[in-house]
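>>> Have a look; sequence and predicted model below, questions after that.
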Amino acid sequence: MAAIERIDRSHSRLAAEVYQRLVDALVQGTVKPGDRLIQDRLAEELDVSRTPVRDALLRLKEEGVVEPSGRRGYVVCSLTEDGLRDLYGARDAVESYAAAIVAELGGDAVEHVREALAQATAKKLRSSRESFEANRSFHRAVVETTGNSYLLSFFDAIWGRAIGALAYHDFYVHSPHDEFVTEHEALIKELASADPARARRAMTEHIAWGLERNLTGRTAKKAGRRIRA
């Protein structure tokens, strides 16, 4: 058997860390659509070599978050309405089905989701990054509780894409901490109904409402730019 080249774990780790830093910046809004990301400049700011930065930017390009712009540079893409609808539609397919299973399981399954919300919101959500993590933790708990590893891998694939982080910044502006808790507590009540169809419908409505609020926020931002122009 031919020798297989060993993986450079340190390089892989650095590329993943650079990618995560960029995702964090997208969630927080410090990096926005239209901003240019220059490979050499990012490498200097992050105090790493150009290689992990290049790999992180290529990953963002593959996910449709950035596109090439100039030499060793990329520009952050603007989200399209179709892209947002596709993202939320994929979430609905996985999470609404999972909600129905949780309602059918009842008892400990619902309690696990309730505990996940309590842990995610134990501290005041003071930034879009904290809100994003809390939201992902709650919804992941719903899917995780089903015990279906395929559903969970689909969930992680959807939420692990940087485009979700880019979409969440606009959403967070319209979702303060107390409202976040209230909305998800109401969803837990539906999961505890022991009615799978009702729980599935509630999750579908919850996700659809999130999409609508995101679209509304984007429309308001565009209107604001036109007024200032």
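Now that the structure is in, tell me what you want to look at. Numbering: from 1, shown residues only.
>>> Got the domain ranges for this structure?
Residue ranges for the domains of the chain, per automatic domain parsing: 9-76, 81-228.
>>> what would those domains look like in a markdown table with mean neighbour count and mean pLDDT?
(Glycine included, C-beta is placed from N, CA and C.) Shown next, in a markdown table, are those (neighbours: other Cβ atoms under 10 Å; pLDDT from 0 to 100):
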| stretch | mean neighbour count | mean pLDDT |
| --- | --- | --- |
| domain 9-76 | 17 | 88 |
| domain 81-228 | 17 | 87 |
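>>> so where do the helices sit in the chain?
9-28, 39-46, 50-62, 81-105, 108-120, 128-145, 149-159, 162-173, 177-191, 196-228 (DSSP state H).
>>> quick one: contacts for Ala100?
Pro196, Ala197, Ala199, Arg200 (Cβ atoms under 8 Å, 6 or more residues apart in numbering).
>>> want to throw the helices of the chain into a markdown table with distance to Tyr74?
Below are those laid out as a markdown table (distance: least, Cβ to Cβ, whole Å):
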| stretch | distance to Tyr74 |
| --- | --- |
| helix 9-28 | 10 |
| helix 39-46 | 8 |
| helix 50-62 | 5 |
| helix 81-105 | 17 |
| helix 108-120 | 32 |
| helix 128-145 | 22 |
| helix 149-159 | 23 |
| helix 162-173 | 12 |
| helix 177-191 | 32 |
| helix 196-228 | 21 |
